[in-house]
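**Q** please find the sequence and the predicted model below.
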Amino acid sequence: MSRKRDGQINIVLQHQTRSQSESKSQLHFTENSPFKHIDLEFSSFVAMNKLKQTIKEIYATIVINQKRKEVGLACTKQVLHMLFKGNPGTGKTTVARKLAKIYFDMNLLSKGHFIEAERADLVGEYIGQTAQKTRALIQKAMGGILFIDEAYSLARGGEKDFGKEAIDTLVKHMEDNHNDFVLILAGYPYEMERFLTLNPGLQSRFPFILDFKDYEVDQLMDIARQMASEREYELTKEAERELRSHLLKKTQETTRNFSNARYVRNIIEHGIRMHAVRLLCKDNYVTEDLIKLTGQDLQVNHHYNQR
Ligand SMILES: Nc1ncnc2c1ncn2[C@@H]1O[C@H](COP(=O)(O)OP(=O)(O)O)[C@@H](O)[C@H]1O
Ligand SMILES: [Mg+2]
């Protein structure tokens, strides 16, 4: 389902349909626990409290706006375009994909599909081609979320670069009130800051700028446990100890290339393969052995030089 670097576009269609009888104000609005479904959608995400809070604020604003409208009070249109700043593996893509579903459920988007793109998908090679490519992409994203990763690369070549044409085209369409799409630009914090400085008009067009912080060791450990248990595995105490001390070392290195939760996912997935090989070479094992990932399986040192 995911593509990269080959110029194709990743489209994930949500498999829901909305019945005609569902109206905006009815949807998921239960007076006692109005945020229950948001908590549910984000239950598999460790930490990220600020982000969860922001989504709840958007949700509350929309529902209350709807209530205000019903009694004839003024209500402002909520602009939902967002900027995600964060290092690799901090959950930017996963959250954006989840938002497509939530916004669809909230009736803010008509289709709720998710399109992931990068510079090459927007920028052409000759004059005029960029605007055309960008418009076509926006067209595809109508009703859903257009997520542009490493968005700062659109500004990389300065004034003469066609990236600027892509930015201008995006901005033009973002402003169009009829447009039923949400634009999310993502990238490394420093580069995104710089991108905003180079394009001062942009900041005000993104009411939501979210910081995806690097995870602390405890959070990475929670993520590891969560990833294992999602796959119906468990880490032994010894595996946890080894992983923890390995992550402590990795996070203390000052390389900004550490890929956070993705790094942990790679260790768990590799560990599951090593576990399979180990068990297959044994003649007898019990159910417990099928579940437990040991320190030997995780082979943390094997990963040391990876990001
Ligand atoms: N808070 C979190 N809780 C659980 N898993 C997470 C969390 N953040 C990231 N992940 C997982 O880490 C991996 C990398 O996340 P991703 O969204 O691709 O990061 P980014 O787009 O910022 O590089 C994914 O498998 C994702 O599910
Ligand atoms: Mg990503």
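**A** On my side now, so go ahead. Numbers count the residues shown, from 1 in each chain. Ligands and ions are numbered 1, 2, ... in the order given.
**Q** find the nearest non-adjacent residue to Glu240, please.
**A** In space, and not counting its chain neighbours, Glu240 is closest to Met221: 7.0 Å by C-beta to C-beta, 6 or more residues apart in numbering. Quick note: C-beta positions are derived from backbone N, CA and C, even for glycine.
**Q** beta partners for Ala117?
**A** According to DSSP bridges, the partner residues bridging Ala117 are Ile148.
**Q** tell me how far it lies from Leu146.
**A** According to C-beta to C-beta, to the nearest Å, Ala117 and Leu146 sit 7 Å apart.
**Q** now do the contacts for Val217.
**A** Applying C-beta atoms under 8 Å, 6 or more residues apart in numbering, we find Val217 in contact with 244, 247-248, 251.
**Q** about what we covered before: and the residue nearest to Glu240, how many neighbours?
**A** By other C-beta atoms under 10 Å, the residues close to Met221 number 18.
**Q** name the residues of the helix or strand hosting it that are buried.
**A** Assessed by DSSP states H and E, Met221 sits inside helix 217-230. Neighbour-count burial for helix 217-230, counted by 16 or more other C-beta atoms under 10 Å, picks out 217, 219-221, 223-228.
**Q** same check on stretch 41-48?
**A** For stretch 41-48, by 16+ other C-beta under 10 Å, it's 41-42, 45-48.
**Q** ligand 1 contacts on the stretch 51-200 of the chain?
**A** Taking C-beta under 6 Å from any ligand atom as the contact definition, the stretch 51-200 of the chain meets ligand 1 at 86, 88-94.
**Q** now the buried members of these.
**A** For these, a neighbour count by 16+ other C-beta under 10 Å gives the buried set as 86, 88-93.
**Q** rewinding a little: can you tell me which of the buried residues of helix 217-230 is closest to Ala60?
**A** Ala60 has its nearest neighbour among the buried residues of helix 217-230 in Gln219, at 26.5 Å by C-beta to C-beta.
**Q** could you point out which element follows the strand or helix carrying Leu247?
**A** Using DSSP H and E, Leu247 falls within helix 237-252. Using DSSP H and E, the helix or strand that follows helix 237-252 in sequence is helix 260-280.
**Q** what residues does that following helix touch?
**A** For helix 260-280, contacts defined as C-beta under 8 Å, 6+ apart pick out 87-91, 214-215, 220, 223-224, 227-228, 231, 233, 239, 243, 247, 250, 285, 289-290, 293-294, 296-300, 302-303, 306-307.
**Q** now the strands for the stretch 1-150 of the chain?
**A** 10-12, 82-86, 114-117, 145-148 (DSSP state E, counting those that start in this stretch).
**Q** what is the next helix or strand after the last one packed up against?
**A** It refers to strand 145-148. For strand 145-148, the succeeding helix or strand toward the C-terminus, using DSSP H and E, is helix 163-175. Using 3 or more C-beta pairs under 8 Å, 6 or more residues apart in numbering; DSSP states H and E, the elements in contact with helix 163-175 are helix 119-122, helix 129-141.
**Q** what angle sits between the last one and helix 163-175?
**A** Pointing back at helix 129-141 there. 30 degrees (axes from the mean of the first three to the mean of the last three C-alpha atoms, to 10 degrees).
**Q** helix 129-141 - what's its average pLDDT?
**A** Helix 129-141 shows a mean pLDDT of 94 in the predicted model.
**Q** C-alpha coordinates for it, CSV please?
**A** The C-alpha trace of helix 129-141 is given here as CSV (Å, rounded to 0.1, in the frame of the first residue of the first chain):
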residue,chain,number,x,y,z
GLN,A,129,3.9,21.5,-16.0
THR,A,130,4.1,22.0,-12.2
ALA,A,131,0.8,23.9,-11.9
GLN,A,132,-0.8,21.2,-13.9
LYS,A,133,0.6,18.4,-11.9
THR,A,134,-0.2,20.0,-8.6
ARG,A,135,-3.8,20.8,-9.7
ALA,A,136,-4.2,17.2,-10.8
LEU,A,137,-3.0,16.0,-7.4
ILE,A,138,-5.4,18.4,-5.5
GLN,A,139,-8.2,17.1,-7.7
LYS,A,140,-7.4,13.5,-6.7
ALA,A,141,-7.3,14.6,-3.0
